[in-house]
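Chemist: need the 3D shape of this:
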Amino acid sequence: MLLTSLAAPAMAQASWPERPVRWIINFPPGGAADILSRILAEYFGNRFGQPIVVENRPGAGGMVGADIVAKARGDAHTVMISSASSHGIGPVLYRNVPYDPLADFTHVHLVGSFPSVLAVNGESPMRDFADFMAQAWRGGMVYATGGNGTMNHLVGQLLKQETGIELTHVPYRGSAAAMTDVIAGQVPCVMESLPTALGHFRGGRLRPIAQSEDTRDSTLADVPTFQELGLPGVTSSNWFGFSLPAGVPGALVERWDAALQEALAAPAVQQRLAGIGVRPGTLGPDGYTALITSELTRWRQVIRANGIQAD
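Modeler: Numbers count the residues shown, from 1 in each chain. Have a look, this model is predicted:
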């Protein structure tokens with residue numbers, strides 16, 4: 001997708017960016033990373049004096065696309081939406097990760113956060129989490145996600161460990177495929193990111209029965225958290241941020257940070273984020289890097305303690 005500029009304010013007048021921006025989306029179309037990337041790419045494409053060229057490069061829990069950015073060292077015109085999957089979980093879940101999630105990137109700004117949601121088919125006899133647990137105790141349960149190494153995968157594994165139910169993970173090549181099979185009745189439930197699934201919740205095709213953050217998201221005010229259901233160990237938050245390759249000059253990092261702050265403060269962007277259940281982030285380079293560091297430590301401990309496997 002090529003988003004051409006419609007205006008050229010101060011940032012463009014300062015001759016930055018100097019050429020088209022290559023925006024890597026490291027997940028398939030329709031997922032949370034894709035949705036957030038395209039909201040921001042459209043905003044920047046309307047304001048920079050250069051086009052934004054968006055590429056979906058999915059695979060390996062977001063690591064294929066992340067590796068492309070990691071290898072573009074020093075290039076402030078190659079960017080990505082980094083995530084818990086590619087920078088907080090995958091690097092400590094998989095073997096032979098091709099990049100260092102800290103040393104090979106310049107992390108600029110937290111874009112937003114939102115919960116994972118456990119959901120069933122809109123016509124399922126499972127009306128709530130109690131029904132889900134009753135069926136799981138009788139014969140086990142299968143849950144779909146958009147792929148191995150994602151936050152949704154790990155939240156399902158935490159649910160399995162906390163409850164002791166037999167819960168089998170079925171990874172798909174992207175969130176859209178996972179939800180399609182649940183809607184079609186091929187799989188009984190899905191663990192999915194709120195922005196990706198919200199349209200299906202509103203349309204009645206999927207029914208949310210539990211969410212992963214410690215407080216209820218305002219778009220799912222009637223859906224309990226796992227913590228409220230007596231499962232505090234299944235508390236987590238999906239986070240997405242904006243990252244560049246390592247080696248980008250500090251002045252350009254500051255420009256990108258300022259541009260992200262401007263975008264996240266823009267009423268039009270805030271309205272679109274609120275509409276999909278995303279809370280805008282406020283962390284800049286130091287804060288976002290610290291978040292990634294802490295998440296790597298947390299998920300490494302969880303994965304080792306529970307013997308969680310990538311497949």
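
Chemist: L102: which element?
Modeler: Using DSSP states H and E, L102 sits within no helix or strand.

Chemist: OK, contacts around A136?
Modeler: If a contact means Cβ atoms under 8 Å, 6 or more residues apart in numbering, then A136 has 163, 165-167 as its contacts. For every residue, glycine as well, the C-beta is placed using N, CA and C.

Chemist: can you select the buried ones among these for me in PyMOL?
Modeler: Listed next is the PyMOL selection for buried residues among these, using 16 or more other Cβ atoms under 10 Å:
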select buried, resi 163+167
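
Chemist: with secondary structure and distance to Q271 added, can I get the contacts of A136 in TSV?
Modeler: Listed next are those as TSV, based on DSSP: H, G, I helix; E, B strand; the rest coil; distance: Cβ to Cβ, whole Å:
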residue	secondary structure	distance to Q271
T163	helix	38
I165	coil	39
E166	coil	42
L167	strand	37
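
Chemist: what's the most distant pair in the contacts of A136?
Modeler: T163 and E166 (9.8 Å; Cβ to Cβ).

Chemist: element containing V54?
Modeler: Assigning secondary structure by DSSP H and E places V54 in strand 52-56.

Chemist: from the chain's centroid, how far away is that strand?
Modeler: Here the centre of strand 52-56 is set off from its chain's centre by 17 Å, with Cα atoms, centre = their mean, to the nearest Å.

Chemist: helices and strands around that strand, which ones?
Modeler: strand 2-3, strand 21-25, helix 32-45 (3 or more Cβ pairs under 8 Å, 6 or more residues apart in numbering; DSSP states H and E).

Chemist: give me the neighbour count for T235.
Modeler: 17 (other Cβ atoms under 10 Å).

Chemist: same question for the one 5 residues further on.
Modeler: Residue crowding around F240 was assessed by other Cβ under 10 Å; the count is 26.

Chemist: tell me how far it lies from N148.
Modeler: 18 Å (Cβ to Cβ, to the nearest Å).

Chemist: next one: phi and psi at S237?
Modeler: As for S237, its main-chain torsions (degrees, to the nearest 10) stand at phi -140, psi 130.

Chemist: ok, it touching P115?
Modeler: Yes - contact status for S237 versus P115: in contact at 6.5 Å, counting by Cβ atoms under 8 Å.

Chemist: mutual contacts of the two, please.
Modeler: Here S237 and P115 have 212-213 as joint contacts, going by Cβ under 8 Å, 6+ apart.

Chemist: more crowded one of these two?
Modeler: The neighbour comparison of S237 against P115 (other Cβ under 10 Å) goes to P115, with 29 against 16.

Chemist: isn't the more buried one right up against Q211?
Modeler: Yes - using Cβ under 8 Å, P115 makes contact with Q211 at a distance of 4.2 Å.

Chemist: now do the shared contacts for these two.
Modeler: Contact with both P115 and Q211 is made by residues 194, 217, 220, 225, according to Cβ under 8 Å, 6+ apart.

Chemist: reformat the residues you listed as TSV; add distance to I68.
Modeler: Compiled in TSV, the shared contacts of P115 and Q211 are given as follows (distance: Cβ to Cβ, whole Å):
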residue	distance to I68
L194	27
D217	32
L220	34
T225	36
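
Chemist: out of these, name the ones that lie in helices.
Modeler: L194 (DSSP state H).

Chemist: ranking by neighbours, what's the top pick from the shared contacts of P115 and Q211?
Modeler: Most surrounded of these: other Cβ under 10 Å gives L194, at 26 neighbours.
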